[in-house]
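In: sequence first, then the predicted structure, then my questions.
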Amino acid sequence: MKKKKSYLRYLRQKPGINRELLGVCTKGYGTEKVKNDHNNVLGTRLYELRNEKFLTQLEVGKEIGLSSQAISNYERGRRMPNLSELIVLADYYQVTLDYLAGRTNKNEYKRLRKHSKQ
């Protein structure tokens, strides 16, 4: 009987895939284990943003609907949030997803306004 390839193994074989990101994750439904703590840009940024506003993990968790343990895991690099949680965190701290992911150092945030028809 042929063994099924895991989705991660499949992605690793595809050209153009960022292998650093793939080394970080795979088990669970949206929560992924992080192997390299020294490359935890997301966790560092979340920690800095929370401390800039003088908030506790419990306060942030209550505001966005996550547990304080989840916030702690994200900041320490033990787990990675899924995309919907990243979007909520970015909106809450008013930064871009690129800033949270470490793709840019600009934490500019422009909220799109809905234009009402008159």
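Out: Alright, I've got the coordinates. Numbers count the residues shown, from 1 in each chain.
In: would you map the strands across this structure?
Out: With DSSP state E, the ranges of strands along the chain come out as 32-33, 79-80.
In: lowest-confidence stretch among those strands?
Out: Set side by side, these differ in mean pLDDT, and strand 32-33 is lowest with a mean of 47.
In: just name the shakiest helix or strand of the chain by mean pLDDT.
Out: Of the helices and strands making up the chain, the lowest-confidence element is strand 32-33, at a mean of 47, by mean pLDDT, DSSP states H and E.
In: test my guess that Gly77 contacts Asn40.
Out: Yes. In terms of CB atoms under 8 Å, Gly77 counts as a neighbour of Asn40; the distance is 3.5 Å. For glycine as for every other residue, the C-beta is placed from the backbone atoms N, C-alpha and C.
In: low-confidence regions, this protein specifically.
Out: Across the chain, the ranges flagged by pLDDT under 70 are 1-39, 109-118.
In: state the distance from the closest residue to Tyr99 other than its chain neighbours to Val95.
Out: Distance criterion CB to CB, 6 or more residues apart in numbering; nearest residue to Tyr99, sequence neighbours excluded, is Asn107 at 4.5 Å. Applying CB to CB, to the nearest Å, the value for Asn107 to Val95 is 4 Å.
In: before we move on, what about Leu55?
Out: Distance from Leu55 to Val95, by CB to CB: 14 Å.
In: can you check Gly77 too?
Out: Counting by CB to CB, the gap from Gly77 to Val95 is 18 Å.
In: higher neighbour count, these two?
Out: Here Gly77 and Val95 are set side by side on neighbour count (other CB atoms under 10 Å), and the busier one is Gly77, at 22 against 19.
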